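Peer 1: Structure here, sequence nowhere to be found:
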Ligand SMILES: NC(=O)c1ccc[n+]([C@@H]2O[C@H](COP(=O)([O-])OP(=O)(O)OC[C@H]3O[C@@H](n4cnc5c(N)ncnc54)[C@H](O)[C@@H]3O)[C@@H](O)[C@H]2O)c1
């Protein structure tokens, strides 16, 4: 797992609250392995925070503001990245959003917006980044789904779940289309991960009071390993799939969930 002289474009590189998100931890893990990081986030502060952590770890990073669902903003980010580093070797599609609720609580406009950010962004990013990868003779794409994309997770999270299912199949299709041209594409499927955003978004699904402590204890208890995963444990899986260590792996998923999807209930 080495990325010496490789450029890695991370979409959704920051954290939506202070602490370690999957994107930010991935930037640091990949930089420690020698990669140059293009840290892209809809929030410039979040992108700069990720870039600062990369530099603290001794790496190189270019923070850029772009919404991954906005084709012209992404075109600008890809152009800046290729201008600065000469190309892109790896694309990590980590940005993801959701909204709690099932059929009754989900408006078509909610589903549309969540689909734009979670799925349409993959088409936008792939169209822009794959040509840059082909110029380098190939590359690797890692998308980030969720176990909500393969299971019902115990509370209604409709728009998030169906779009995360689409992330998996989009990636399988990408893998087939570009295998012969030297581009691999795989999905990491995180389980219950203790990142800052779950405190804000998920606590209400576990208790009326939306207590972060109650939510954390309940999520820990659900997992066979009796703990949520950390952002670092997901970042390590992302780094593996992105690297030449996974050179014969394409069109598949790596579930990082402490055993929860293998469980009866
Ligand atoms: N935390 C979990 O338990 C968990 C579990 C399974 C999957 N995931 C997935 O992992 C990924 C990261 O989750 P996290 O908990 O670390 O999230 P997070 O919300 O802390 O970080 C996501 C980052 O993406 C950015 N972002 C969001 N929408 C964007 C857009 N349209 N354009 C550019 N940037 C955008 C945010 O600003 C934020 O900095 C998401 O795709 C999420 O669905 C998380």
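Peer 2: Received it, and whenever you're ready, just let me know what you need. Just so it is clear, the structure is predicted and the values come from calculations on it, not from any experiment.

Peer 1: The residue positioned nearest the centre of the chain and the ligand, how far apart?
Peer 2: Centroid-nearest residue in the chain, with CA atoms, centre = their mean: residue 94, separated by 1.9 Å. According to CB to the nearest ligand atom, to the nearest Å, residue 94 stands 5 Å off from the ligand. Yep, even glycine has a C-beta here, placed from its N, CA and C like the rest.

Peer 1: surely that residue meets residue 22?
Peer 2: Yes: here residue 94 reaches residue 22: they are 6.0 Å apart, a contact under CB atoms under 8 Å.

Peer 1: Are there residues contacting both of those two? Which ones?
Peer 2: Listed as contacting both residue 94 and residue 22 by CB atoms under 8 Å, 6 or more residues apart in numbering are 144, 238.

Peer 1: number of nearby residues for residue 233?
Peer 2: By the measure other CB atoms under 10 Å, the count of residues near residue 233 is 18.

Peer 1: Would you state the helices of the protein in chain order?
Peer 2: Per DSSP state H, the chain carries helices over the ranges 22-32, 44-56, 71-85, 108-115, 121-135, 158-178, 196-201, 203-206, 212-222, 231-242.

Peer 1: and among those, the most buried is which?
Peer 2: For those, the largest average neighbour count (mean count of other CB atoms under 10 Å) is found in helix 22-32, namely a mean of 27.

Peer 1: helices or strands next to that one in the packing?
Peer 2: strand 7-11, strand 36-41, helix 44-56, strand 60-65, strand 90-93, helix 231-242 (3 or more CB pairs under 8 Å, 6 or more residues apart in numbering; DSSP states H and E).

Peer 1: tell me what the fourth one is packed against?
Peer 2: Packed against strand 60-65, as judged by 3+ CB pairs under 8 Å, 6+ apart, are the following elements: helix 22-32, strand 36-41, helix 44-56, helix 71-85.

Peer 1: Now do the first one against helix 44-56, angle only.
Peer 2: For helix 22-32 and helix 44-56, the angle between their directions (axes from the mean of the first three to the mean of the last three CA atoms, to 10 degrees) works out to 30 degrees.

Peer 1: ok, residues contacting helix 22-32?
Peer 2: For helix 22-32, contacts defined as CB under 8 Å, 6+ apart pick out 3, 8, 10, 12-15, 37, 39, 41, 49-51, 53-54, 57-61, 90, 92, 94-95, 144, 190, 193, 195, 230-232, 234-236, 238-239, 242.

Peer 1: Quick one: residues contacting the residue nearest to the centre of the chain.
Peer 2: Taking CB under 8 Å, 6+ apart, we find residue 94 in contact with 10-13, 22-23, 26, 144, 238.

Peer 1: which one of those residues is nearest residue 86?
Peer 2: Taking CB to CB as the measure, residue 86 sits nearest to residue 10 out of the contacts of residue 94, at 17.5 Å.

Peer 1: ok so, going back, near the ligand too, which of the contacts of residue 94?
Peer 2: Under the cut-off given by CB under 6 Å from any ligand atom, the ligand has 11-12, 22-23, 144 from the contacts of residue 94 close to it.

Peer 1: export these to TSV and tack on pLDDT and distance to residue 45?
Peer 2: Shown next, in TSV, are the ones next to the ligand among the contacts of residue 94 (pLDDT from 0 to 100; distance: CB to CB, whole Å):
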residue	pLDDT	distance to residue 45
11	98	16
12	98	14
22	98	18
23	98	14
144	99	21
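
Peer 1: now, among those residues, which is nearest to residue 251?
Peer 2: Nearest to residue 251 among the ones next to the ligand among the contacts of residue 94 is residue 144, at 16.0 Å by CB to CB.
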